[in-house]
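J.: Structure for this input, please:
(2 chains, ligands or ions: 1)
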Amino acid sequence: MIELRELTDAAQKAFPADTLSPGRDASWELVAEMGWLMIRLPEELDGLGLGREASTAIHYEMGRVLSSAPLIPAQLGLQTILASETLASRGEWAERIAGGEYVPLHMLPTKLETGSDGALSGTVSGVFEADMASAVVAFLPGGYQIVPLDATGVSVSERAIWDPSRRLFDLVLDGYTPDPALAIADRDRSIALHDALAPEAHLALAADCLGGAAAALDMSVEYMKMRKQFERPIGMFQALKHRAADCKIRVVSSEAMLWGRARDETVSYVQMGALKTHAAECFQWVTEEAIQFHGGIGLTEEHQCHLFMKRAMLNLQLCGAPDLWKERAGRAALAALA
Amino acid sequence: MREEDTLDALRTEVRGWMEKNAPKDWRDASRTQDDFVATQRSWFAKLVEGGYAIPHWPADWPGGGRSLAEQKVIYEELARIDAPRLLLSFVSTYHAFATLHECASAEQKAKYLPRILKGETWCQGFSEPGAGSDLAALKTKAVRETRDGREVYVVNGQKVWSTMAQFADMCLLLVRTSNDGPKQAGITYLLMDMKTPGVSVSPINQIQGDEEFAEIFLDNVAIPVEQRVGEEGKGWAVAQATLASERGLTLMELSYRMRGALWRVAELIRKNGYENDAGVLRDFGGLVTQVDAVCAIADQFLDNRIKGIERVGDASIVKNAYSRALRAYSLLGLRLGGMDEQYLAPITFGDLNTGNWMADFMNSYAWTIAGGSEEVQRNIIAERMLELPREPKTWVLA
Ligand SMILES: Cc1cc2nc3c(=O)[nH]c(=O)nc-3n(C[C@H](O)[C@H](O)[C@H](O)COP(=O)(O)OP(=O)(O)OC[C@H]3O[C@@H](n4cnc5c(N)ncnc54)[C@H](O)[C@@H]3O)c2cc1C
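T.: Numbers count the residues shown, from 1 in each chain, chains lettered A, B, ... in the order given. Have a look, this model is predicted:
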């Protein structure tokens, strides 16, 4: 088994810390080349045969450099396809994906109109990097289905977002007739599949958040050592250094929980949601502090601060907003402590 | 046997013993200071008998010679069974032990260590009215003299915030023997018998009404030179051994205990009809996750220590994460308890998560102040871990 340390080293070499959000297409190629798409697949299926800790380590590194390669939706898309019990072309899709084709999972059910002929119309919002996808795994009324983007009645259109490190697309269906041969699972099984994969998505996002938070803090600390006002480095002012220390405390304790939950197979869905929320709020908080630490330059597009903040704010909303998950965590804990 | 198997076997053994021996009604039996002290003494004696009181002492002591991993198991089980925390004997088994073990002479060890196991308790006389965070500024003065043919230090001064000093038999005392050079250089470390003439102790009422700490007044107290640990003027280095003695076990134990006490908040939510209040549920969910994160970092800190990894600042991170979560925990309880909590109710001595929310809330500050304040920990993290520039040392009165 590849050691975690080696994996992290390789990731840092491939994605050096000084280049934030390197070009998407080149990053994607690199990610595929490193085998990270298949990181969790057994070696018989040409995967790296690694566990959750390993994939978490990669997502952490991708967060650190604000990667623009859509690794998380791609891994989930592949996992969904592989989990299918009915898809005849499963092996073929897996092979195509292994070869670098991008088939993201869009997790959430969407409101679509079904015509009398069974054709679907409506919009599936928030698909990551759909312009480079060959197909999207979407939750259609009948359950998860592969929707090829070159099919009749299917188009994608970008809706600009604040976060420049990612792009979101609407998948527009206009009288699209789902191909039964591309059905992954029926509705009930799809819901079960969603609930099995959602914790993985939360864990991956939590890692992304904490990698980003750690990088934003490192960047800020370096700046505070270098920037001088009143004939001294601003990092000498306790008003700033104490806040940096608080950032460190929050990042490090969130990381401890991240690794604990990555290793623990018994963690519940709600606990993973709570972890992601905790990590995303940590990321948000550190990026807010980072802007204040930097002063005016932190509020520009020229400086990198905003890249961290915009990613943090998007991450906060992905897979369910904090209020939702905190409430769920509260309810679950209350029930457990009856 | 593999290490995990040994640990599992130990866990089973400890759990069985605790279930049989740990006092269950100790909270009710700790409503007054005297009852609390009695409970503490009997529980400590029982633990000594069972072989779990001093797992961190060397193997030639009964119950000693446990690895850090084994100590962790014992503390996890203490937290799990919700046994009384060993407050009264804490300074003796950790601080006094570490000081004696690492820095004292063979005679001093032979004299004092066995007495600790018999229940002798110690207090820590470090802080002074003028020396808190800046401990090295301490002024309690010791002058070497010959009295009745004996070499002694004659000590004059005042110590403050000394936990359980009113019950202590012995004191770890820092004194100033010289004013020359840097302030750390003139400090000497003494072991003081609390019954020495000239020592007087006056308990201080803590904010929630119990007398956890005390002032110690020293008026011409003659302490034999043989009671010195290390050389004269080298007490600062000895004090570092004292302060580093406890290695994260307490914070792990306390974090686990806080998690174990989350049911108290859940109970309030139900009692006061907040089960479907989304706002309250969110706050509770946030707290539960925050407490989980604290347990994770405390756990990781100890696991790293077991592997021999520790960086400067690690312990400060655990301490601040814990103390902030403790504040959040007790504040949420206090808020949900509402007006009821503003009526005086009996307090429980020696526990941080008692369910008397106003008392718990006030007591939670102890952890952001004692043992190096929250701000001092932030300085350590910022300056020694993040390597931000230190503050200029000198300050000139304008
Ligand atoms: C419950 C409890 C038990 C204790 N038990 C013992 C004991 O058994 N033996 C013993 O010797 N002592 C004990 N202490 C004393 C404890 O060590 C001191 O209270 C602590 O070190 C703080 O010192 P101080 O109270 O003088 O506050 P100060 O040092 O005066 O601090 C006041 C404020 O100034 C801040 N401050 C101070 N220096 C700095 C700085 N460099 N940068 C930023 N902020 C700063 C502090 O954080 C705090 O907010 C205990 C204290 C408590 C609360």
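
J.: For residue A:72, pull up the helix or strand it's in.
T.: Here residue A:72 is covered by helix A:71-82, with elements defined by DSSP states H and E.

J.: Let's see the pLDDT reported for residue A:1.
T.: Looking at residue A:1, its pLDDT is 48.

J.: Point out the other helices and strands that whichever helix or strand comes after the helix holding residue A:72 packs with.
T.: Elements were assigned by DSSP H and E; along the chain past helix A:71-82, the next helix or strand is helix A:90-98. Applying 3 or more CB pairs under 8 Å, 6 or more residues apart in numbering or on different chains; DSSP states H and E, one finds that helix A:90-98 contacts helix A:71-82. Where C-beta positions appear, they are placed from N, C-alpha and C, glycine not excepted.

J.: got the angle between the helix it packs on and helix A:90-98?
T.: With axes from the mean of the first three to the mean of the last three CA atoms, to 10 degrees defining the directions, helix A:71-82 sits at 160 degrees from helix A:90-98.

J.: re the thing from before, for the record, mean pLDDT for the helix holding residue A:72?
T.: Helix A:71-82 comes out at a mean pLDDT of 96.

J.: for the record, mean pLDDT for whatever helix or strand residue B:305 lives in?
T.: Counting by DSSP H and E, the element that carries residue B:305 is helix B:278-306. In this model, helix B:278-306 has an average pLDDT of 96.

J.: repeat for stretch B:203-223
T.: Stretch B:203-223 comes out at a mean pLDDT of 92.

J.: circling back: tell me which residues are up against the helix holding residue A:72.
T.: Helix A:71-82 has contacts (CB atoms under 8 Å, 6 or more residues apart in numbering or on different chains) with A:31, A:36-41, A:45, A:55, A:58-59, A:62, A:87, A:90, A:93-94, A:97, A:102-107, A:127-129, A:136-137, A:144, A:146, A:184, A:193, A:197, A:200-201, A:204-205, A:208.

J.: Name the residues of that helix that are buried.
T.: Neighbour counts using 16 or more other CB atoms under 10 Å in any protein chain shown place A:71, A:72, A:73, A:74, A:75, A:76, A:77, A:78, A:79, A:80, A:81, A:82 of helix A:71-82 among the buried residues.

J.: what about dumping the CA coordinates of it to PDB?
T.: The C-alpha coordinates for helix A:71-82 follow below in PDB (Å, rounded to 0.1, in the frame of the first residue of the first chain):
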ATOM      1  CA  LEU A  71     -12.400  15.600  -8.900                       C
ATOM      2  CA  ILE A  72     -15.200  15.200  -6.300                       C
ATOM      3  CA  PRO A  73     -18.100  15.000  -8.700                       C
ATOM      4  CA  ALA A  74     -16.100  12.800 -11.000                       C
ATOM      5  CA  GLN A  75     -15.300  10.300  -8.300                       C
ATOM      6  CA  LEU A  76     -18.900  10.200  -7.200                       C
ATOM      7  CA  GLY A  77     -20.100   9.800 -10.800                       C
ATOM      8  CA  LEU A  78     -17.900   6.800 -11.200                       C
ATOM      9  CA  GLN A  79     -18.900   5.300  -7.800                       C
ATOM     10  CA  THR A  80     -22.600   5.700  -8.700                       C
ATOM     11  CA  ILE A  81     -22.100   3.900 -12.000                       C
ATOM     12  CA  LEU A  82     -20.100   1.100 -10.400                       C
END
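
J.: Alpha carbons of stretch A:5-22, as CSV, please.
T.: Provided in CSV are the C-alpha atoms of stretch A:5-22 (Å, rounded to 0.1, in the frame of the first residue of the first chain):
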residue,chain,number,x,y,z
ARG,A,5,2.9,10.6,3.2
GLU,A,6,4.0,9.5,-0.2
LEU,A,7,0.6,10.3,-1.7
THR,A,8,0.6,13.8,-0.1
ASP,A,9,4.2,14.4,-1.3
ALA,A,10,3.2,13.4,-4.9
ALA,A,11,0.2,15.6,-4.8
GLN,A,12,2.2,18.6,-3.6
LYS,A,13,4.7,18.0,-6.3
ALA,A,14,2.1,17.8,-9.0
PHE,A,15,0.2,20.8,-7.5
PRO,A,16,2.7,23.1,-6.0
ALA,A,17,1.4,25.5,-3.3
ASP,A,18,2.5,28.6,-5.1
THR,A,19,0.1,28.1,-8.0
LEU,A,20,-3.4,28.6,-7.0
SER,A,21,-6.2,27.3,-9.2
PRO,A,22,-3.9,26.0,-12.0
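
J.: for the residue in the stretch 1-150 of chain B that chain A sits nearest to, helix, strand, or coil?
T.: As assessed by CB to the nearest CB, chain A sits closest to residue B:133 within the stretch 1-150 of chain B, at 12.8 Å. The assignment at residue B:133 comes out as coil when based on DSSP: H, G, I helix; E, B strand; the rest coil.

J.: Secondary structure class of the residue nearest to it when sequence neighbours are not counted, three-state.
T.: Nearest residue to residue B:133 in three dimensions, chain neighbours excluded: residue B:376, at 5.1 Å (CB to CB, 6 or more residues apart in numbering or on different chains). Secondary structure, three-state DSSP: residue B:376 is helix.

J.: where does residue B:376 land on pLDDT?
T.: 96.

J.: From the ligand, how far out is it?
T.: Noted for residue B:376: a distance of 6 Å to the ligand, by CB to the nearest ligand atom, to the nearest Å.

J.: burial count for the closest residue to residue B:93 other than its chain neighbours?
T.: Leaving aside its sequence neighbours, residue B:93 sits nearest to residue B:54 (CB to CB, 6+ apart; 5.6 Å). Each residue near residue B:54 was counted by other CB atoms under 10 Å in any protein chain shown, and the total is 24.

J.: any chance you could read off phi and psi for residue B:54?
T.: phi -130, psi 50 (degrees, to the nearest 10).
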